[in-house]
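In: here is a sequence together with a model predicted from it:
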Amino acid sequence: MSTKLNVNQLQDGLCTRRFGRSILFSREVDSTNKWAKELATYGASEGTVVIAETQTKGRGRLDREWISPTGGLWFSLILRPNLSPTETVKLTFVAGLAVTKVLREMFDLKTETKWPNDVLVNGRKICGVLAEMNTTGETVNFVVVGVGVNVNFDVENVFPEQLKKVATSLEKEVGRKVKLEKLFRALLERLENLYELFIKEGFNPILEEWKNYAGFLGCKVEVTGPTGKMSGVALDVDYEGALVLRLEDGTVKRVFVGDVSVRA
């Protein structure tokens, strides 16, 4: 099976109302999120998707490099929700939940959500989400949700040393190549369903289901944030998307920005 996307099959059998009705493809871009933001600025409609075979300057949270070799699924979705900026940031959880559920259902994998924007398989990162918004005051003009899934490659061969022990791919976990077009369609369909649920019923149903897959809750964790590191027990993720942490001195702290690692 080819590791490359068959562009002509991306929309075959796609059961969505808006998402993916317009798909733009490139063999190589610097960043699908950057591309999507440019298109959104010029008026691209909600549901427009850009997808690339590889990214040369893919980005994750906190402007970190996101390695995007051929064989992965790298796409960004343009949204125009009628939401406040504080509500819009929760779209990261919507996308993370969609990926978690699809990978479980399609491949029978033990997938987990990890605060705030990762999906894990057997404790290793397989997907990251990056949501970026454009606002005017309290008005959200558009949101771009970028999704990167490690699919048809072996992380041992393509990732730098520091990532090999913390990342994985579908090929490694299921022992075979995966049809990228089929996975893309399933993700887009689930994303649309959960997005519509979020718009209609709010964050609660999304958050409660997201937490069902959050294996780090109740565990001792270390959180690395802009001001340093904190250790404690991950008690909850609250309605505002904050991590609720009980520190080692017994105080409870809400954390909005940081990376979580589970401590043994």
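Out: Received it, and whenever you're ready, just let me know what you need.

In: name the helix or strand for residue 75, please.
Out: Assigned by DSSP states H and E, residue 75 falls within strand 73-79.

In: keeping just the C-alphas, turn that strand into CSV.
Out: Presented in CSV, the C-alpha positions along strand 73-79 are these (Å, rounded to 0.1, in the frame of the first residue of the first chain):
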residue,chain,number,x,y,z
LEU,A,73,-1.9,12.8,7.9
TRP,A,74,-1.4,16.6,8.1
PHE,A,75,-4.4,18.8,7.6
SER,A,76,-6.1,22.0,8.8
LEU,A,77,-9.8,22.9,9.0
ILE,A,78,-11.3,26.3,8.7
LEU,A,79,-14.1,27.1,11.2
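
In: can you spell out the domain ranges of this structure, please?
Out: If the domains of the chain are taken from automatic domain parsing, they occupy 7-212, 220-262, with pieces of a single domain joined by a plus sign.

In: which of these is buried the deepest?
Out: Between the domains of the chain, domain 7-212 has the highest mean count of neighbours, a mean of 19, where neighbours are mean count of other Cβ atoms under 10 Å. Just so you know, the C-beta spots here come from the backbone N, C-alpha and C atoms, and that holds for glycine as well.

In: let me see the contact set for residue 129.
Out: Listed by Cβ atoms under 8 Å, 6 or more residues apart in numbering, the contact set of residue 129 reads 92, 95, 96, 99, 117, 118, 119, 145, 146, 147, 148.

In: for it, name its beta-bridge partners.
Out: In this structure, residue 129 has the following beta-bridge partners (DSSP bridges): residue 147.

In: following the strand holding residue 75, which helix or strand comes up?
Out: Going down the chain from strand 73-79, the next helix or strand is helix 85-88, by DSSP H and E.

In: any idea how far that following helix is from the chain center?
Out: What separates the centre of helix 85-88 from the centre of its chain is 17 Å, taken as Cα atoms, centre = their mean, to the nearest Å.

In: of the contacts of residue 129, closest to residue 51?
Out: Taking Cβ to Cβ as the measure, residue 51 lies nearest residue 147 of the contacts of residue 129, at 9.7 Å.

In: next one, pLDDT for that closest one please.
Out: In the prediction, the pLDDT value recorded for residue 147 is 97.

In: ok, which stretches of the stretch 151-264 of the chain are helices?
Out: In the stretch 151-264 of the chain, the helices defined using DSSP state H, counting those that start in this stretch lie at 155-158, 161-164, 170-174, 180-201, 204-212.

In: show me the one of the ones you listed that comes nearest residue 32.
Out: With distances scored as Cβ to Cβ, the stretch of these nearest to residue 32 is helix 180-201 (12.6 Å).

In: per-residue confidence averaged over the closest one?
Out: The predicted model assigns helix 180-201 a mean pLDDT of 97.

In: which elements pack onto it?
Out: strand 73-79, helix 91-107, strand 139-149, helix 204-212 (3 or more Cβ pairs under 8 Å, 6 or more residues apart in numbering; DSSP states H and E).

In: okay if I get the helices of the stretch 151-264 of the chain as JSON lines plus distance to residue 237?
Out: Shown next, in JSON lines, are these (distance: least, Cβ to Cβ, whole Å):
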{"stretch": "helix 155-158", "distance to residue 237": "27"}
{"stretch": "helix 161-164", "distance to residue 237": "25"}
{"stretch": "helix 170-174", "distance to residue 237": "25"}
{"stretch": "helix 180-201", "distance to residue 237": "15"}
{"stretch": "helix 204-212", "distance to residue 237": "6"}
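
In: check what pLDDT the nearest residue in space to residue 32 that is not next to it in sequence gets.
Out: The shortest distance from residue 32 to any residue that is not its chain neighbour, by Cβ to Cβ, 6 or more residues apart in numbering, is 4.0 Å, and that residue is residue 76. Residue-level confidence at residue 76 comes out at 97, pLDDT.

In: quick one: residues contacting residue 76.
Out: The contact partners of residue 76, by Cβ under 8 Å, 6+ apart, come to 32, 33, 35, 36, 49, 50, 51, 144, 145, 146, 147.
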